[in-house]
Each structure stands twice: as C-alpha cells, then as structure tokens.
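**Student:** Only the shape, not the letters, is given here:
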C-alpha cells in the first residue's frame with residue numbers, strides 16, 4: 001500500500017475518500033513538526049507566566065472562572081477526558097474512525113493547538129497499527145466540538161477503555177502494549193485540544209458524502225436502464241435542452257444519460273410509431289433532479305473538505321511572529337459545527353431525493369398501463385405477485401427517508417448551564433446519513449432488479465453496450481424472475497452492488513466529474 005504523506009491543511013477529497021475506503025500507512029510531512037513544537041513551547045510559556053488561560057489553567061465551560069493550581073494541570077487534562085467520555089450507542093465503524101484520526105492529526109499538526117509532538121506521534125502510531133478507538137456514536141451536539149466521542153478517542157491514547165483491532169474489541173492498554181505504543185500522560189492544554197473539534201461530525205458527514213456519491217452513480221445507471229425497460233425516450237436528454245437552462249449538474253448528468261443509452265436497439269425499435277408524446281417525470285426529468293443532487297453533493301463536498309483541513313479546537317495558540325512578538329492565546333468558537341450541520345442536512349435532501357425518484361420509477365415499471373410490461377413484471381400475474389411487495393418495501397424506505405431528511409441544524413438545546421447556549425446538532429445531522437443511504441441503496445437495488453426484468457421482456461432486442469454490461473453483472477448474481485421465489489436475497493445482492501460501486505465501475509469514465 002502507498003503511504004499517505006499528510007500535509008496539514010492541504011488534504012484532498014481524493015485522499016479522504018481513499019482513507020475511508022481502505023487503511024493505508026500514514027506519515028506526517030517533516031515540515032509540520034516545527035509548528036507543533038512552537039505551539040507547545042507557547043503553552044509552556046503561558047503556564048510559566050501564570051496568567052489565566054482558558055482550559056490551560058482554568059476549568060472549562062461554565063467553570064472557566066475557576067483557576068487551577070499548577071500542580072493539578074495534568075490532572076485537569078486527564079479528568080477532562082474521563083468526565084467527557086460519556087458516549088452511548090453503537091460504535092462508529094472503522095472507516096469513520098480512520099477519518100476521525102486522520103483529521104485530528106491534521107488539525108493538531110497545523111500548529112495552533114499547543115500539543116507536544118508526542119501527542120501527534122501517538123495518534124499516528126494508533127492509526128498505522130490499525131488500533132481503532134471504540135467510539136460510541138451518540139452523545140455529541142456538535143458544539144463545543146464533538147466532546148464525548150473525541151474523549152473516547154483520547155481514552156485509547158491513555159490506555160483506558162476498549163479499542164478495535166481487525167474487528168475485535170480489545171482492552172486498550174493491552175492493544176497499545178502489543179503494538180509497542182506507550183500510553184501518553186497529557187500535559188497542559190492537550191486534553192482540551194484533543195476533545196475540542198468537529199472531526200467526528202465531519203467524518204460522519206464525509207461518510208455520508210461518499211455514500212451519496214455511490215448512490216448517485218448507481219441511480220443514474222439504474223434510471224437509464226429503467227428508461228429502456230419502459231421504452232422511454234432519450235429526446236429529453238438532448239444537449240440543447242439543458243444548455244439553455246445552464247445548471248451545471250443538470251448538463252453533466254444529461255450527458256451521462258445520453259452516453260449510457262447510446263446505441264440501444266430497444267430505443268431504436270420505437271423511434272417511429274410510438275403514440276406516447278411525453279414520458280412521466282420520473283423518466284424524463286432525471287437530469288433535472290439528479291443534476292440538482294449532483295450540485296448539492298459537490299457543494300457539501302467543498303464545505304466538508306475545508307472543515308477536514310481546519311483547526312477547530314479552542315482556545316487557539318498563535319505563536320510569536322513578526323507582527324505579534326509576544327504570541328497570543330485566543331478563545332474563539334471554531335468548534336461550532338454549523339457548516340458541517342448544513343452540509344449534512346443538504347446531503348440528507350440529496351439522498352432522500354435519489355431514493356424518491358427511484359421509487360417512482362419502480363412504481364412505473366410494475367404498472368402495465370404505464371410501462372407496457374407484464375403486471376408486476378412477472379409471467380402469470382395473479383398466480384405470481386412478482387414485484388408487488390418489493391415496491392412496497394421501496395415505498396416504505398422512501399417514506400422513512402422523508403422523515404429522516406428533516407433538517408437537524410434547526411434544532412438546538414443549550415448545554416453547560418447555558419454557557420453553550422446554541423449548538424449545531426451536526427453529529428446527528430451527519431450520523432443519520434448512513435441509515436438514509438442504506439435505505440436508498442435498497443430502493444435503487446429494487447429498481448435495478450425491476451429494470452433488468454423489463455429488459456429481459458424485450459428480448460431479443462438489446463439495450464446499449466454500457467447497460468448490457470450492467471445487466472450481465474446483475475444476472476451473474478440474480479437470475480431472471482420467472483416465478484415467485486424467496487425475493488429478499490435477490491434484493492440484498494442488488495443492494496450490495498449499489499453500495500460496492502459495482503454499477504458505476506462498469507462505466508467509471510462517465511462519473512469522473514463526481515470525484516473532482
């Protein structure tokens with residue numbers, strides 16, 4: 001595996017996507033160590049001077065006015081971790097935890113957090129050893145940072161609690177010992193620097209972003225297959241139609257539909273003599289809807305990339321430079337994850353709409369009055385129910401996603417005795433994206449099965465070369481539905497094709513614009 005050389009503040013979505021996909025060795029660029037050392041020296045100078053500095057020699061939150069004696073500064077930092085590790089719920093997945101570790105390393109290595117190099121070295125060692133802190137998914141309101149989940153991350157560095165290695169839960173102290181990693185003793189400011197920040201919310205949102213990319217690709221492929229299954233028209237995808245509107249995502253996706261459908265014998269068979277004037281919106285307006293989705297995903301990606309490279313703990317250390325000779329420690333609010341919450345909320349809209357449009361195409365295909373195909377896509381309807389209840393499942397999941405898509409960012413509950421009186425709810429906003437994405441993957445999987453069934457009913461006519469390849473991939477796993485059978489395994493196989501990126505992999509060059 002190629003080593004990822006981390007340049008703090010300059011990570012790319014390509015790098016983040018690669019870390020989400022699979023582990024790879026991580027190394028920090030040598031130029032990053034000097035800023036880390038300078039910020040740590042600034043903290044030592046603040047402690048030696050004796051002036052009150054939030055979280056260094058004071059309590060936190062509403063207790064910020066409480067001064068901490070010098071001989072209790074290390075205890076303060078350890079106590080912060082122990083008292084803040086109050087998360088609950090299922091543990092975050094390894095891909096999400098890898099992103100959390102990567103972004104926390106990158107943030108601390110910018111040199112504004114005041115941690116010693118050993119803190120960054122330990123995080124890198126955990127990452128490279130495949131030691132994933134056991135982080136419960138629930139317990140953060142997205143300000144003041146992701147305190148509870150990041151406290152659980154930090155526990156692993158102290159050798160406390162549990163970690164996951166190769167999918168197995170282990171005692172953290174034993175796992176560190178086996179990997180030759182010494183537990184750290186936190187110095188002034190370090191506990192606060194580790195638990196302040198938006199890395200958990202951002203990692204969950206990036207997970208949702210990368211899932212949304214795969215869903216969009218799969219939906220474009222499945223939707224194209226549905227067009228041919230229903231003997232729809234490709235005229236609505238004419239380049240001129242989309243150019244006069246000017247929406248970039250719409251223009252890009254229309255080109256994808258044109259390419260996916262090019263050369264279809266099924267389309268050629270009804271160019272003349274087709275009495276239908278216009279197709280239903282779920283076929284005809286795919287570029288308008290999927291293009292808008294593509295633009296939303298792109299906008300969210302830009303916001304999340306900025307946040308992935310950001311310094312989001314508090315307070316921040318600005319070492320002496322030419323303009324500020326003394327150096328400063330400034331309390332701010334970069335831990336407030338409102339940008340992440342907004343990005344996650346828009347991704348929820350995108351994921352919900354992908355599934356909503358796919359569900360409508362399933363409904364169209366099983367309705368013989370609209371599709372011209374056998375009722376419920378099966379021979380001998382009546383004896384066989386075919387896709388009748390598979391569509392009910394799709395409808396149930398599309399409806400569930402509508403509720404989950406309600407914006408989380410409009411909610412706020414004050415915490416810390418009203419000191420933290422407005423919060424972002426970014427962590428939940430991002431966390432629910434996984435449920436929504438899995439729902440939509442099932443819907444697209446059912447559409448894929450239905451559309452492939454429709455293509456088979458048009459034999460010996462063939463669809464386009466791209467779509468024939470997709471059809472063949474599906475048929476290698478799921479045979480033609482000739483009569484009622486246990487259907488759930490077929491849907492699961494199709495769902496996994498969606499989530500694994502199999503559909504888009506067959507025509508990857510069409511989707512490069514989604515990964516810029």
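**Tutor:** It's in. Please read these numbers as outputs of a predicted model, since none were measured by experiment.

**Student:** what comes up buried for stretch 306-325?
**Tutor:** 307-319 (16 or more other CB atoms under 10 Å). Glycine gets a C-beta too; all of them are placed from N, C-alpha and C.

**Student:** of those, closest to residue 224?
**Tutor:** Distance to residue 224 across the buried residues of stretch 306-325 (CB to CB) is lowest for residue 308, with 32.6 Å.

**Student:** Beyond the helix or strand harbouring residue 218, next helix or strand please.
**Tutor:** With secondary structure defined by DSSP states H and E, residue 218 is part of helix 199-229. Downstream of helix 199-229, the first helix or strand assigned by DSSP H and E is helix 239-243.

**Student:** Just checking the distance from that next one to the centre of its chain.
**Tutor:** 31 Å (CA atoms, centre = their mean, to the nearest Å).

**Student:** can you pull out the strands in this protein?
**Tutor:** 4-6, 26-28, 88-91, 132-133, 136-138, 162-165, 168-171, 316-318, 328-330 (DSSP state E).

**Student:** Neighbouring strands - and their directions - for the shortest one?
**Tutor:** For strand 132-133, sheet partners with direction are given as strand 162-165 (antiparallel), following DSSP bridges.

**Student:** Repeat that for the third one.
**Tutor:** When sheet partners are counted by DSSP bridges, strand 88-91 sits next to strand 136-138 (antiparallel).

**Student:** How about the first one?
**Tutor:** Strand 4-6 has these partner strands in its sheet, going by DSSP bridges: strand 26-28 (parallel).

**Student:** Buried residues, the partner strand. List them.
**Tutor:** Those would be 26, 28, for strand 26-28 by 16+ other CB under 10 Å.

**Student:** Equivalent analysis for stretch 182-200, please.
**Tutor:** 184, 186-200.

**Student:** that older thread, averaged pLDDT, the helix holding residue 218. What do you get?
**Tutor:** Mean pLDDT, helix 199-229: 97.

**Student:** Stretch 24-36 too?
**Tutor:** 96.

**Student:** Contacts for it next, please.
**Tutor:** By CB atoms under 8 Å, 6 or more residues apart in numbering, the residues outside stretch 24-36 that reach it are 1-8, 18, 102, 105, 108-112, 115-117, 120, 124, 127-128, 319.

**Student:** hmm, try it at 7 Å
**Tutor:** 1-8, 18, 102, 105, 109-111, 115, 117, 120, 124, 127-128 (CB atoms under 7 Å, 6 or more residues apart in numbering).

**Student:** How far does it stretch from one end to the other?
**Tutor:** 24 Å (CA to CA, to the nearest Å).

**Student:** So for it, what gets flagged as buried?
**Tutor:** In stretch 24-36, counting by 16+ other CB under 10 Å, buried: 26, 28, 32, 35, 36.

**Student:** Farthest pair within the residues you listed?
**Tutor:** Most distant of those, by CB to CB, are 26 and 35, 18.1 Å apart.

**Student:** In contact with the residue of the chain most remote from its centre, which residues?
**Tutor:** Computed with CA atoms, centre = their mean, the residue of the chain farthest from its C-alpha average is residue 273, at 46.4 Å. Listed by CB under 7 Å, 6+ apart, the contact set of residue 273 is empty.

**Student:** Closest one of the buried residues of stretch 24-36 to residue 209?
**Tutor:** Once CB to CB is applied, the member of the buried residues of stretch 24-36 that ends up nearest residue 209 is residue 26, at 20.8 Å.

**Student:** Which pLDDT value belongs to residue 493?
**Tutor:** 98.

**Student:** Hmm, it is touching residue 479, no?
**Tutor:** No: in this structure residue 493 lies outside contact range of residue 479 using CB atoms under 7 Å: 10.6 Å.

**Student:** what packs against the helix or strand bottoming out on mean pLDDT in the chain?
**Tutor:** Taking mean pLDDT, DSSP states H and E as the measure, helix 502-505 is the helix or strand of the chain with the lowest mean score, a mean of 75. Contact here means 3 or more CB pairs under 7 Å, 6 or more residues apart in numbering; DSSP states H and E; on that basis helix 502-505 packs against helix 199-229.
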